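Trainee: when you get a sec, could you give me coordinates for this:
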Amino acid sequence: MKESHFIATNYSNQIENGSVTWQSPSNIALVKYWGKYGQQLPKNTSISFTLNNCNTLTELKYFLKDSPSTTFDFEVYFESEKKDEFKPKIESFFERIEAYIPFLKQYRFEIHTKNTFPHSSGIASSASGMSAIALCIMSMEKLMQPEMTEDFFNQKASFLARLGSGSACRSIEGELIVWGEHENIKGSSQLYGIQLPNNVHDNFKNYQDTILLVDKGKKQVSSTVGHNLMINHLFAEQRFTQANENLSKLIPILENGEVSEFIKIVESEALSLHAMMMTSMPYFILMKPNTLEIINRIWTYRKEQQSNVCFTLDAGANVHVLYPENEKDTVLNFIKNELTPFCKNGEFIVDQVGFGAIQK
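Mentor: Residues are numbered from 1 along each chain as shown. Okay, here's the model as predicted:
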């Protein structure tokens, strides 16, 4: 499928003033995306669990102008406070999607948004935030084109969300979402995320993700900067090959339920992601001392208790503790008793795999 497939040609309905609200989840990549080209296209295929409790709630209020202008007119409110510092990213997003959403300059917008988790702390707030805005815009287009199918709605929402933040294209649906063309995954695309079409073993249903908030502050290096540092990275091509090969290995593991093999790939991917950061130029480290302490304690607990608990990391210091549902009680006790001292103010978020965005 080509980008031109998503260019709107005509609308059968006209809408004036109104509002639409979407709750969109974050996601946690199992095989990581780190490095892009062109217009937010991935250098390797990635796959993620959609989360359930970590989400962004966004209301988009729209007001038809008396006449279209040459500028995008909008205000942004984050947790009820006006946030002008968020405007440049959204304006850039609007510029990228205008070719596919031609009515943007015909309306004035108010964007009211809030998260259930700390902003800019290594939980994918850009994924949930940009996907929520994309879904709101798609709901406007759906009102103008009532004949639009659900499949096309989701595809285009993912396509638009990608233009705001690459990983946002994996936050439209659930439970396992693939982004990027892969020879072993039918229907996979560079342009949008798709639900993994392969069978998934019961071992990976209702998988748990408890997020340990090691550092709630803003990252010293943004994901955008980190992605750009992959352009001339000495190990970039080897990394892209590794990620695609890991995804090839992961597909049969998800089908046959081999949790021990799942753990090897997921933890290796997390460490490879941060290895790319530490070996870029300039180099940087997003992990904190407590991140490493938590990882070592997870390894010790897993060995001593014959547990299937493991960790992954996003682009930050926080640790995602992944484990099967049948270990929920014992792992949560381990987290509360042994790992919370290494969290900021002892805070963590209990989450699990979810099923995608919900219109409110």
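
Trainee: okay, now the closest residue to D202 other than its chain neighbours: neighbour count?
Mentor: Closest residue to D202 apart from its sequence neighbours, by Cβ to Cβ, 6 or more residues apart in numbering: G257 at 6.9 Å. The way it works is simple: take the backbone N, C-alpha and C, and place the C-beta from them, glycine included. Neighbours of G257 under the rule other Cβ atoms under 10 Å: 15.

Trainee: state the distance from G257 to E150.
Mentor: Going from G257 to E150 by Cβ to Cβ, to the nearest Å gives 30 Å.

Trainee: same question, S19
Mentor: The value you get for S19 to E150, if Cβ to Cβ is used, is 21 Å.

Trainee: how distant is the worst-scoring helix or strand of the chain on mean pLDDT from the center of its chain?
Mentor: For the chain, using mean pLDDT, DSSP states H and E, the weakest element among its helices and strands is helix 223-228, scoring a mean of 93. Between the centre of helix 223-228 and the centre of its chain there are 15 Å (Cα atoms, centre = their mean, to the nearest Å).

Trainee: per-residue confidence for S120?
Mentor: pLDDT for S120: 50.

Trainee: how is the chain divided into domains?
Mentor: Using automatic domain parsing, the domain parsing of the chain gives 3-198, 206-352.

Trainee: do you know which of those domains lies nearest I358?
Mentor: domain 3-198 (4.9 Å; Cβ to Cβ).

Trainee: state the distance from the closest residue to E347 other than its chain neighbours to N345.
Mentor: Leaving out its chain neighbours, the residue that sits closest to E347 by Cβ to Cβ, 6+ apart is L213, at 4.5 Å. Counting by Cβ to Cβ, the gap from L213 to N345 is 8 Å.

Trainee: and those two? which has more neighbours close in?
Mentor: Neighbour comparison, L213 and N345: the larger count goes to L213, with 22 against 7 (by other Cβ under 10 Å).

Trainee: surely that one touches F342?
Mentor: No - if you go by Cβ atoms under 8 Å, L213 and F342 don't touch, sitting 10.1 Å apart.

Trainee: one step back: so which of the domains of the chain is the most surrounded?
Mentor: Ranked by mean neighbour count under mean count of other Cβ atoms under 10 Å, the domains of the chain are led by domain 3-198, which reaches a mean of 19.

Trainee: and the spatially closest residue to K87 that is not a sequence neighbour, how far from A8?
Mentor: Spatially, and ignoring its direct neighbours in sequence, K87 is nearest to V76 (5.8 Å; Cβ to Cβ, 6+ apart). Here the criterion is Cβ to Cβ. By it, V76 lies 24 Å from A8.

Trainee: scan this protein for its longest strand.
Mentor: When the chain is scanned for its longest strand (criterion: DSSP state E), the result is strand 46-64.

Trainee: CA atoms only: put that one into CSV for me.
Mentor: What follows is strand 46-64, C-alpha atoms only, in CSV (Å, rounded to 0.1, in the frame of the first residue of the first chain):
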residue,chain,number,x,y,z
SER,A,46,9.5,-3.9,15.7
ILE,A,47,6.8,-5.6,17.8
SER,A,48,5.1,-4.4,21.0
PHE,A,49,2.7,-5.3,23.7
THR,A,50,-0.1,-2.7,23.9
LEU,A,51,-0.6,-1.7,27.5
ASN,A,52,-3.9,-1.3,29.4
ASN,A,53,-3.5,1.2,32.3
CYS,A,54,-0.8,3.5,31.0
ASN,A,55,-2.8,5.7,28.6
THR,A,56,-3.5,9.3,27.4
LEU,A,57,-7.0,10.7,27.5
THR,A,58,-7.4,13.4,24.8
GLU,A,59,-10.4,15.6,24.0
LEU,A,60,-10.3,17.5,20.7
LYS,A,61,-12.7,20.4,20.5
TYR,A,62,-13.2,21.8,17.0
PHE,A,63,-14.7,25.0,15.8
LEU,A,64,-15.4,25.7,12.1
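
Trainee: which elements pack onto that strand?
Mentor: Using 3 or more Cβ pairs under 8 Å, 6 or more residues apart in numbering; DSSP states H and E, the elements in contact with strand 46-64 are strand 18-31, strand 107-115, helix 125-144, strand 176-179, strand 208-212, helix 236-256, strand 348-352.

Trainee: excluding covalently adjacent residues, which one is nearest to Q145?
Mentor: Per Cβ to Cβ, 6+ apart, closest to Q145 is Y11, 5.8 Å.

Trainee: that neighbour reaches E147, doesn't it?
Mentor: No - between Y11 and E147 there is no contact under Cβ under 8 Å: 10.6 Å.

Trainee: and the residue of the chain most remote from its centre, what element?
Mentor: For the chain, the largest distance from the centre (Cα atoms, centre = their mean) belongs to D66, which lies 36.9 Å off. Under the criterion DSSP states H and E, no helix or strand holds D66.

Trainee: and the gap between it and Q106?
Mentor: Computed with Cβ to Cβ, the distance linking D66 and Q106 is 10 Å.

Trainee: mind listing the strands for the stretch 251-360 of the chain?
Mentor: Taking DSSP state E, counting those that start in this stretch as the criterion, the stretch 251-360 of the chain contains strands spanning 310-313, 319-323, 348-352, 358-359.

Trainee: next, format those as JSON lines and append distance to S126 and mean pLDDT.
Mentor: JSON lines is the format used below for the strands of the stretch 251-360 of the chain (distance: least, Cβ to Cβ, whole Å; pLDDT from 0 to 100):
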{"stretch": "strand 310-313", "distance to S126": "16", "mean pLDDT": "98"}
{"stretch": "strand 319-323", "distance to S126": "16", "mean pLDDT": "98"}
{"stretch": "strand 348-352", "distance to S126": "17", "mean pLDDT": "96"}
{"stretch": "strand 358-359", "distance to S126": "19", "mean pLDDT": "98"}
